[in-house]
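Chemist: this is the structure alone, sequence omitted:
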């Protein structure tokens, strides 16, 4: 798997207990998590090696919502209206996912979301290219 794909996966994976970290010298992605979860020690952010580590951003809830709106707006009028309505009621992500299945748009959605993540991580990585 290419680095950009690993970064996109890390970007889309949201966890309160863990975070993904990029070693900008080696291109390796590390998981920073409590030892109780991984069996490995957490990253020592005070070590000399840590100066090469940058935390990989994760998609925020508002950004995930906005991407769903953009996807909905790119669909035909009927499907788009159904998806937008799903986003404007209680439990919007769950309802959006349900409507995707009903409209047989799941594969399109996941491709769209992943392409967004690839683009977002390419922009992010570009900021770090000179380090």
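Modeler: Great, that's in hand. What you see is a predicted model, and the numbers here were worked out from it, not measured in a lab. Numbers count the residues shown, from 1 in each chain.
Chemist: the residue nearest to residue 74 when sequence neighbours are not counted: neighbour count?
Modeler: What sits nearest to residue 74 in space, not counting adjacent residues and going by C-beta to C-beta, 6 or more residues apart in numbering, is residue 80, at 7.4 Å. Just so you know, the C-beta spots here come from the backbone N, C-alpha and C atoms, and that holds for glycine as well. Applying other C-beta atoms under 10 Å, we find 16 residues neighbouring residue 80.
Chemist: phi, psi of residue 80?
Modeler: phi -60, psi -40 (degrees, to the nearest 10).
Chemist: so residue 34 touches residue 41, yeah?
Modeler: No - Residue 34 is beyond contact range of residue 41, at 9.6 Å (criterion: C-beta atoms under 8 Å).
Chemist: can you name the residues in contact with the longest helix along the chain?
Modeler: If you go by DSSP state H, the chain has its longest helix at helix 106-127. Residues from elsewhere that reach helix 106-127 (C-beta atoms under 8 Å, 6 or more residues apart in numbering): 3-5, 7-9, 11-12, 56-57, 59, 67, 71, 74, 97, 100.
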